[in-house]
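Chemist: Dropping a prediction and its sequence here:
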Amino acid sequence: MFERFRHRSHALERLDTGDYTPAEYARWQREMRLIHRFWGEKRALRDTLVDDIRNSRLAYASVLDVGAGNGDVLDLVCEMLPEQDLLLIAAETSDDALGSLVNDKQKTRIRSLKASGLRLPFDDHSVDYAISTLTLHHMSDADAMVLIREMCRVSRRRFYLVDLNRHPVGYYGWRLLSPFLFQRFTRQDGALSIFRSFTADELLALAKEAGVSEVKVTHSRANRLVLSGR
């Protein structure tokens, strides 16, 4: 039964193919906000990025979110660091996501930028932190390695990459709980996302191939892995 988890799937999600209606996408954004806050990303970033900024006692910090979507994760960072002076940059390729970010009047602190994580338009070590959440599993193995290398290149202090863990517990937990909370589009893509994700050993191998010298993978709740390095 668990044989299917040995290798990651390369089947495309509906989010990647654009096979969704405007209503489905709008609801998906609302549901992702719930997922970020209560299922994984807030906890994962609180225990890594936010702790690092606090412990370093930085007067100012710049944070680049690669594959930032509608900026919800950067908004979470603001909430967790209310007194911190932050420069927040959202890099995204989706016009739908960028449009929703620009039109959200509550996210005026976030600067949006249309840019691919495979070729970030930043000099080496030009931002304090580079982060990315739930983006890596949408990529091929080769592109995932390039993304890790780019995030390491542009970050001055550290990068944090949060994604799902390809594990049966996470998969069957999602299949059990998601029908009570989410639309079919989100449920289907969420299940496929787990099959498309990497294991901890695979993430470490990708980082090594990307040339990251100091790297580690930590487990976070809600079936998340955090790859960090510099």
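Modeler: Arrived safely, thanks for sending.
Chemist: surely A97 meets V73?
Modeler: No - look at A97 against V73 with CB atoms under 8 Å: they stay out of range, at 11.7 Å. From N, CA and C alone the C-beta is placed, and that goes for glycine too.
Chemist: Counting neighbours, go ahead and name the busier of these two.
Modeler: V73 (28 against 21; other CB atoms under 10 Å).
Chemist: Mind telling me what element that one is part of?
Modeler: Per DSSP states H and E, V73 falls inside helix 72-80.
Chemist: buried residues in that helix?
Modeler: D72, V73, L74, D75, L76, V77, C78, M80 (16 or more other CB atoms under 10 Å).
Chemist: Same question for stretch 32-42.
Modeler: Neighbour-count burial for stretch 32-42 [16+ other CB under 10 Å]: M32, R33, I35, H36, R37, W39, G40, E41, K42.
Chemist: The fifth one belongs to a strand?
Modeler: It stands for R37. No - in this structure, R37 is helix, not part of a strand, as judged by DSSP: H, G, I helix; E, B strand; the rest coil.
Chemist: Next one: it from T21, what distance?
Modeler: Using CB to CB, to the nearest Å, R37 is found at 25 Å from T21.
Chemist: before we move on, the earlier item: in PDB, please show the C-alpha coordinates belonging to the helix holding V73.
Modeler: Extracted in PDB, the C-alpha atoms of helix 72-80 (Å, rounded to 0.1, in the frame of the first residue of the first chain):
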ATOM      1  CA  ASP A  72      -0.500  35.800   2.900                       C
ATOM      2  CA  VAL A  73       2.700  34.200   4.300                       C
ATOM      3  CA  LEU A  74       4.500  37.600   4.400                       C
ATOM      4  CA  ASP A  75       1.400  38.900   6.200                       C
ATOM      5  CA  LEU A  76       1.800  36.200   8.800                       C
ATOM      6  CA  VAL A  77       5.500  37.200   9.300                       C
ATOM      7  CA  CYS A  78       4.200  40.800   9.900                       C
ATOM      8  CA  GLU A  79       1.800  39.500  12.500                       C
ATOM      9  CA  MET A  80       4.400  37.600  14.300                       C
END
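Chemist: And the next helix or strand past that helix?
Modeler: Sequence-wise, the next helix or strand downstream of helix 72-80 (DSSP H and E) is strand 85-92.
Chemist: After that following strand, which helix or strand is next?
Modeler: Next helix or strand after strand 85-92 toward the C-terminus (DSSP H and E): helix 95-102.
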